[in-house]
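Peer 1: using only what follows, build the 3D model:
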Amino acid sequence: MQLGIFLVAAGIVSFEFQNKKTLSIILLVLGALALRIFVSLIDPFLHLWDEQFHALVAKNMMSNPFKPVLINDPILSFDYKSWPENNVWLHKQPLFLWQIAMSFKLFGVNEFTLRLPSIIMSAIMVFFTYRIGSLSYNKRAGFYAAVFFTGSNFLIELTSGRTPTDHNDVAFLFYVTASIWALFEYFYSKRKYWIYIIGIFSGFAILVKWLVGLLVYSGWFISIVATKNSRKQKKNYFELLKSLFITILIALPWQIYILIRFPKESSYEFGRNSLHFFKALEGHGGTWKYHLETIKDIYGIHFEYIIFASLIIFLFIGIKKVYKISILTWVLIVYVFFSLAATKMIAFTIIVSPLVYVIIGIVMAFLFDLLKSRFTNPSLQRWVPSILSLAIIFFIFFNFLHFEKLTLQNTQKRKSTYLKKSREAIGFKELKSVLPDDNLIIFNMRDTEFVKIMFYTDYRSRKQIPTKKTIIKLKQQNIKIAVFDNNKLPDYILNDEDIIKIKSTLWDNSLPLKPTIYY
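Peer 2: Numbers count the residues shown, from 1 in each chain. I've put the predicted structure just below:
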């Protein structure tokens, strides 16, 4: 943590007092990387809800990347409509899972390598945010925005897997932001290859989290039709369509593949995706004000006032129309769309968080230039605005970076949860030292621990207590059976000497970390 803060601080000071800004950006990206590595290393366990499912599916995809599987256990039946307990897992698009599987292949299967792709993408987005702000207004605006992104407590926790939707949303944010960055590079340089890069990144975004990955085209299209000269030129529409065609070429094959290969599962998930707008699924509901109310959770308490004030000032700042229209279009569309949608989760709107930081960065850079112009003395003109800028940027950065929360030390509840989850993970890892072989299936968990067991070991696992019929079926296939003992096991299991009973901290925290077995 200290290294990350030092690198960020060095980058900020370097930016204010050095003419060349390259070093400042490098220090900022390295600082972001260090902060995210530190927080991701703190938690030696898988998080609820989504991280554990993403981890297990990615682990299973190491051997077959074109068959996403959660419970790799064809000997027992599955309900394909239950995404937390099924076999073929199409609940999410595959790209971020492929990235995690590749990380596992290269560096081994553990919690840190699970989070590594998110760490890298989150750090790279510091540069994307900087470029978007720089191209829209100036380098100072881009740098301010990049500092805010670097210190975002919410994004750091999302990267470390603590917040639901975790690595899926980090990857989605990365590819959506990359497509917007590529569009701004195209606006700036007019080099045609950026059209293809936009299409590629948008296609990748769809392969992470479906059709909202097309967001870049909304701002692009509105910027064309809202500008008198642009809307009369057919080539502008043709270039947009060319890029969109690239996106379709990238995203469509997977959709066709899963419809052919897994028709029941894919049809169900496609139908479920459309339901998110009309029905609050899995209890994730809220009023139309939900995403406005959660601004303080994403950006920090009271920071919503800075955001709203910056939006108003931003409307009157003289920047190139194409940039202003695009930025405002994206922010407005995302907040209106998700406010109208019935299903609501806190991270849905983070795809425009870099743009929100860019808006604030532009306003701050504008005010900096305004203040600087008030001084006639060259010495005062150079030093006073820069010192004031340093004070403000450090204040906002450390307001974002909640050290005690990131280190799980801010409440006793978080401390006790950390201890409990750490002990649980150690117990699961120790199972391999007490159980006989891999041809075994483990039963009887409290909740979703069966997912963690399959990640930490090569054993198959199911949540429920096995029925007599299930036991007979498994024995006929020479598959060993183990059951966690919760002091409530039925007699047909307790009296069966072929079934392994496991005593562990899963059901009794007073027991040693290393599980014990009996027959």
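
Peer 1: correct me if wrong: Tyr518 contacts Lys503.
Peer 2: Yes - taking contacts as CB atoms under 8 Å, Tyr518 lies within contact range of Lys503: 7.3 Å. Just so you know, the C-beta spots here come from the backbone N, C-alpha and C atoms, and that holds for glycine as well.

Peer 1: next SSE downstream of the lowest-mean-pLDDT helix or strand in the chain?
Peer 2: Least confident helix or strand, the chain: helix 403-406 with a mean of 64, by mean pLDDT, DSSP states H and E. Sequence order places helix 412-429 as the next helix or strand after helix 403-406, per DSSP states H and E.

Peer 1: now for that following helix, which elements pack on it?
Peer 2: Counting contacts by 3 or more CB pairs under 8 Å, 6 or more residues apart in numbering; DSSP states H and E, helix 412-429 is packed against helix 449-456.

Peer 1: just the C-alphas of the helix it packs on, formatted as PDB.
Peer 2: Extracted in PDB, the C-alpha atoms of helix 449-456 (Å, rounded to 0.1, in the frame of the first residue of the first chain):
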ATOM      1  CA  GLU A 449     -18.900 -23.900  -0.100                       C
ATOM      2  CA  PHE A 450     -19.100 -26.800  -2.500                       C
ATOM      3  CA  VAL A 451     -18.000 -24.300  -5.200                       C
ATOM      4  CA  LYS A 452     -14.900 -23.400  -3.200                       C
ATOM      5  CA  ILE A 453     -14.000 -27.000  -2.500                       C
ATOM      6  CA  MET A 454     -14.000 -27.800  -6.200                       C
ATOM      7  CA  PHE A 455     -11.800 -24.800  -6.800                       C
ATOM      8  CA  TYR A 456      -9.200 -25.600  -4.100                       C
END
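
Peer 1: and that helix, what other elements does it pack with?
Peer 2: Secondary-structure packing of helix 449-456 (3+ CB pairs under 8 Å, 6+ apart): helix 50-61, helix 412-429, strand 460-461.

Peer 1: buried ones in the next helix-or-strand element following the longest one, by neighbour count?
Peer 2: Helices and strands here follow DSSP H and E; after helix 412-429, the next one along the chain is helix 431-434. For helix 431-434, the buried set under the neighbour-count rule, 16 or more other CB atoms under 10 Å, comprises Leu431.

Peer 1: tell me which other helices or strands helix 431-434 touches.
Peer 2: Short answer (3+ CB pairs under 8 Å, 6+ apart): helix 431-434 packs on no helix or strand.

Peer 1: what is the mean pLDDT for that helix?
Peer 2: For helix 431-434, mean pLDDT is 90.

Peer 1: need the residues that contact that helix.
Peer 2: Contact with helix 431-434 is made by 442, 453, 456-459, 502, 514-517, as judged by CB atoms under 8 Å, 6 or more residues apart in numbering.

Peer 1: and of those, the nearest to Lys21?
Peer 2: For those, the residue nearest Lys21 by CB to CB is Tyr456; the value is 45.0 Å.

Peer 1: what about the closest residue to that closest one other than its chain neighbours, how many residues nearby?
Peer 2: Leaving out its chain neighbours, the residue that sits closest to Tyr456 by CB to CB, 6 or more residues apart in numbering is Phe428, at 4.5 Å. Phe428 has 25 neighbours, counted by other CB atoms under 10 Å.

Peer 1: which ones are touching Ser14?
Peer 2: 23-24, 27.

Peer 1: drop anything exposed from the residues you listed.
Peer 2: Among the contacts of Ser14, those classed as buried by 16+ other CB under 10 Å are 24, 27.

Peer 1: name the nearest of the contacts of Ser14 relative to Leu158.
Peer 2: Ranked by distance to Leu158 (CB to CB), the contacts of Ser14 are led by Leu27 at 22.9 Å.

Peer 1: picking that back up, just the buried ones from the contacts of helix 431-434?
Peer 2: Among those, the ones that count as buried by 16+ other CB under 10 Å are 442, 453, 456-457, 459, 502, 515.

Peer 1: now the two most distant members of those residues.
Peer 2: Spatially, the most separated pair among those is Tyr456 and Ile502, at 14.1 Å (CB to CB).

Peer 1: mind giving me CSV with the buried ones among the contacts of helix 431-434 and columns for pLDDT and distance to Ser267?
Peer 2: Listed next are the buried ones among the contacts of helix 431-434 as CSV, based on pLDDT from 0 to 100; distance: CB to CB, whole Å:
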residue, pLDDT, distance to Ser267
Ile442, 94, 32
Ile453, 93, 31
Tyr456, 93, 33
Thr457, 91, 33
Tyr459, 91, 32
Ile502, 94, 39
Pro515, 92, 41
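
Peer 1: and of these, the nearest to Ile327?
Peer 2: Tyr456 (44.1 Å).

Peer 1: for that closest one, what are its contacts?
Peer 2: Residues counted as contacts of Tyr456 (CB under 8 Å, 6+ apart) are 425, 428-429, 431.

Peer 1: switch to 10 Å and redo it
Peer 2: Tyr456 makes contact with 45-46, 55-56, 59, 109-111, 425-432, according to CB atoms under 10 Å, 6 or more residues apart in numbering.

Peer 1: just the strands in the chain please.
Peer 2: For the chain, strands defined by DSSP state E occupy the ranges 440-443, 460-461, 480-484, 500-503, 516-518.

Peer 1: so which other helices or strands are in contact with the longest helix along the chain?
Peer 2: Secondary structure of the chain per DSSP state H: the longest helix is helix 234-261. Packing contacts for helix 234-261, counted by 3 or more CB pairs under 10 Å, 6 or more residues apart in numbering; DSSP states H and E, involve helix 95-107, helix 166-189, helix 193-209, helix 215-225, helix 228-231, helix 263-278.

Peer 1: and the strands of the chain: which comes nearest Lys209?
Peer 2: strand 460-461 (28.1 Å).

Peer 1: note down every partner strand of the closest one and its orientation.
Peer 2: Paired neighbours of strand 460-461 in the sheet (DSSP bridges): strand 440-443 (parallel).

Peer 1: now the partner strand: how far from the chain's centre is it?
Peer 2: Relative to the centre of its chain, strand 440-443 is centred 32 Å away, using CA atoms, centre = their mean, to the nearest Å.

Peer 1: stretch 122-139 now?
Peer 2: Relative to the centre of its chain, stretch 122-139 is centred 19 Å away, using CA atoms, centre = their mean.

Peer 1: now do the buried residues in it.
Peer 2: In stretch 122-139, counting by 16+ other CB under 10 Å, buried: 122-139.

Peer 1: ok, Asn439 - how many residues close by?
Peer 2: Neighbour count for Asn439, taken as other CB under 10 Å: 12.

Peer 1: just to revisit the earlier point, and which of the contacts of Ser14 is nearest to Ala182?
Peer 2: Top of the list for closeness to Ala182, among the contacts of Ser14 and by CB to CB, is Ser24 at 22.8 Å.

Peer 1: wait, isn't the closest one in contact with Ala9?
Peer 2: No - taking CB atoms under 10 Å as the definition, Ser24 is not a contact partner of Ala9, at 11.2 Å.

Peer 1: circling back to that earlier point, so which of the contacts of helix 431-434 comes closest to Lys473?
Peer 2: Closest approach between the contacts of helix 431-434 and Lys473, by CB to CB: Ile442, at 16.0 Å.

Peer 1: so that closest one makes contact with Ile502?
Peer 2: Yes - between Ile442 and Ile502 there is a contact under CB under 10 Å: 7.4 Å.

Peer 1: identify the contacts common to the two.
Peer 2: Between them, Ile442 and Ile502 share these contacting residues under CB under 10 Å, 6+ apart: 431, 435, 482-484.

Peer 1: excluding chain neighbours, what is closest to Ser24?
Peer 2: Closest to Ser24 by CB to CB, 6+ apart is Phe15, at 3.8 Å.
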